[in-house]
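**Q** Quick one: sequence plus predicted model below, questions after.
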Amino acid sequence: MREYIEERAVEIANYIIEEKATVRQTAKKFGISKSTVHTDLTK
(Lines give C-alpha, C1' and ligand atoms only; values in the text may rest on other atoms or scores of the structure.)
Protein backbone atom coordinates (compact mmCIF):
# COMPACT_ATOMS: atom_id res chain seq x y z
CA MET A 1 0.00 0.00 0.00
CA ARG A 2 2.88 2.37 0.65
CA GLU A 3 3.88 2.32 -3.03
CA TYR A 4 0.37 3.39 -4.00
CA ILE A 5 0.52 6.36 -1.64
CA GLU A 6 3.90 7.44 -3.00
CA GLU A 7 2.63 7.20 -6.58
CA ARG A 8 -0.50 9.17 -5.67
CA ALA A 9 1.62 11.86 -3.96
CA VAL A 10 3.68 12.30 -7.12
CA GLU A 11 0.53 12.52 -9.26
CA ILE A 12 -0.98 15.06 -6.87
CA ALA A 13 2.17 17.18 -6.80
CA ASN A 14 2.43 17.17 -10.59
CA TYR A 15 -1.23 18.14 -10.93
CA ILE A 16 -0.87 21.04 -8.50
CA ILE A 17 2.25 22.32 -10.25
CA GLU A 18 0.98 21.94 -13.81
CA GLU A 19 -2.53 23.27 -13.20
CA LYS A 20 -1.62 25.76 -10.45
CA ALA A 21 -4.44 24.08 -8.54
CA THR A 22 -5.48 24.61 -4.94
CA VAL A 23 -5.71 21.81 -2.38
CA ARG A 24 -9.51 21.90 -2.71
CA GLN A 25 -9.41 21.65 -6.50
CA THR A 26 -6.92 18.80 -6.26
CA ALA A 27 -8.99 16.90 -3.71
CA LYS A 28 -12.06 17.19 -5.93
CA LYS A 29 -10.15 16.06 -9.03
CA PHE A 30 -8.74 12.95 -7.30
CA GLY A 31 -11.87 12.20 -5.26
CA ILE A 32 -10.06 12.42 -1.93
CA SER A 33 -10.28 14.74 1.07
CA LYS A 34 -8.29 17.93 1.54
CA SER A 35 -6.68 16.31 4.56
CA THR A 36 -5.48 13.40 2.45
CA VAL A 37 -3.94 15.76 -0.10
CA HIS A 38 -2.11 17.61 2.64
CA THR A 39 -0.97 14.42 4.39
CA ASP A 40 0.29 12.83 1.18
CA LEU A 41 2.32 15.87 0.23
CA THR A 42 3.85 16.53 3.64
CA LYS A 43 5.03 12.99 4.40
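**A** That came through, no problem. Numbers count the residues shown, from 1 in each chain.
**Q** Correct me if wrong: residue 41 contacts residue 9.
**A** Yes - Residue 41 lies in contact with residue 9 (C-beta atoms under 8 Å); the separation is 6.1 Å. To be clear about C-beta, it is placed using only N, CA and C from the backbone, and glycine gets the same treatment.
**Q** what about the longest helix belonging to the chain, average pLDDT?
**A** With DSSP state H setting the assignment, residue counts place helix 2-19 as the longest helix in the chain. Looking at helix 2-19 alone, the average pLDDT works out to 94.
**Q** Mind checking what helix or strand follows it in sequence?
**A** Remark: after helix 2-19, the chain's next helix or strand is helix 23-30, criterion DSSP states H and E.
**Q** any idea of the mean pLDDT in the helix or strand following that following helix?
**A** Remark: after helix 23-30, the chain's next helix or strand is helix 34-42, criterion DSSP H and E. Helix 34-42 shows a mean pLDDT of 94.
**Q** Buried ones in helix 34-42, by neighbour count?
**A** For helix 34-42, the neighbour count (16 or more other C-beta atoms under 10 Å) marks 36-37, 40 as buried.
**Q** In JSON lines: those, plus distance to residue 2.
**A** Converted to JSON lines, the buried residues of helix 34-42 look like this (distance: C-beta to C-beta, whole Å):
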{"residue": "36", "distance to residue 2": "15"}
{"residue": "37", "distance to residue 2": "17"}
{"residue": "40", "distance to residue 2": "12"}
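**Q** Looking at these, which is nearest residue 16?
**A** Taking C-beta to C-beta as the measure, residue 16 sits nearest to residue 37 out of those, at 8.4 Å.
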